[in-house]
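A.B. asks: I would like the atomic coordinates for the input below:
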Amino acid sequence: MAFVVGLTGGLGSGKSRAADAFAALGADVVDTDAIAHQLTAPGGAALGALVEAFGTEAIDATGAMDRARMRERVFRDPAARQRLEAILHPMIRIESQRLVAAAKAPYVVLVVPLLVESPGYRDRVGRVLVVDCPERQQLERVGARSKLAPAEVRRIIAAQLPRARRLEAADDVIDNSGDIAALEAQVLALHRRYLELARLAGS
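C.D. replies: You can find the predicted model right below:
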């Protein structure tokens, strides 16, 4: 089994950019958000259970889960959020375990947005890596890449674990308040450290 680094961070913190930088250096990346998208894409394995739980309005015109509608529903209704998580989380966990077990690189970066809040994932990683930036930058970045209104972005951030709590749980932190070159320099330094930790773990 490869050495596993759990990568997490708040909305818009730069998790995907960091994961891409690790992948470019040769790490295997397993992204739970990407798995969730596959499960809820047209023909995805979760669609039948979603329709059973939420009705056909949970599916959009393309045959995928209607993410905007479901996001609005689960933020208004905690019981709906629990039902959605009960469907998706076990499937995501099983697939992520399969991909980690199949990894060939010296270490795996397991990207989990709710890693700190999820003991089942924390128990599976050797290090917790948090990608961090100020909330102002989170708002700017999410606003630039999505159609969400600032108030909606703030609501999502407020529903996540507070930044300070996430940082308390970190073994390593990437400060992504700067440019891409600054992020890549930090990733390179961590890559070297993780290669050594993976070597020690395997010896």
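A.B. asks: tell me which other helices or strands the worst-scoring helix or strand of the chain on mean pLDDT touches.
C.D. replies: Of all helical and strand segments in the chain, the minimum by mean pLDDT, DSSP states H and E falls on helix 150-159, at a mean of 80. Counting contacts by 3 or more C-beta pairs under 8 Å, 6 or more residues apart in numbering; DSSP states H and E, helix 150-159 is packed against helix 67-76, helix 135-145. C-beta coordinates here come from the backbone N, C-alpha and C atoms, glycine included.
A.B. asks: keeping just the C-alphas, turn it into PDB.
C.D. replies: Taking Å, rounded to 0.1, in the frame of the first residue of the first chain, the C-alpha atoms of helix 150-159 are listed here in PDB:
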ATOM      1  CA  PRO A 150     -21.100  36.100  -3.300                       C
ATOM      2  CA  ALA A 151     -23.800  35.500  -0.700                       C
ATOM      3  CA  GLU A 152     -24.100  31.900  -1.900                       C
ATOM      4  CA  VAL A 153     -20.400  31.400  -1.700                       C
ATOM      5  CA  ARG A 154     -20.300  32.900   1.800                       C
ATOM      6  CA  ARG A 155     -23.100  30.500   2.800                       C
ATOM      7  CA  ILE A 156     -21.100  27.500   1.600                       C
ATOM      8  CA  ILE A 157     -18.000  28.600   3.300                       C
ATOM      9  CA  ALA A 158     -19.900  29.200   6.600                       C
ATOM     10  CA  ALA A 159     -21.200  25.700   6.400                       C
END
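A.B. asks: buried residues in that helix?
C.D. replies: 152-154, 156-157 (16 or more other C-beta atoms under 10 Å).
A.B. asks: these into a markdown table, with extra columns for distance to P42?
C.D. replies: Formatted as a markdown table, these follow (distance: C-beta to C-beta, whole Å):
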| residue | distance to P42 |
| --- | --- |
| E152 | 25 |
| V153 | 27 |
| R154 | 31 |
| I156 | 25 |
| I157 | 30 |
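A.B. asks: I'd assumed I157 was in contact with L11.
C.D. replies: Yes - counting by C-beta atoms under 8 Å, I157 is a contact partner of L11 at 5.5 Å.
A.B. asks: next one: H191 from A21, what distance?
C.D. replies: The spacing between H191 and A21, counted by C-beta to C-beta, to the nearest Å, is 8 Å.
A.B. asks: how about P78?
C.D. replies: In terms of C-beta to C-beta, P78 sits 36 Å off from A21.
A.B. asks: kindly report the same for A201.
C.D. replies: Distance from A201 to A21, counting by C-beta to C-beta: 22 Å.
A.B. asks: settle it for me: which of the two has more neighbours?
C.D. replies: Shown here are A201 and A21; by other C-beta atoms under 10 Å, A21 has more neighbours (23 against 15).
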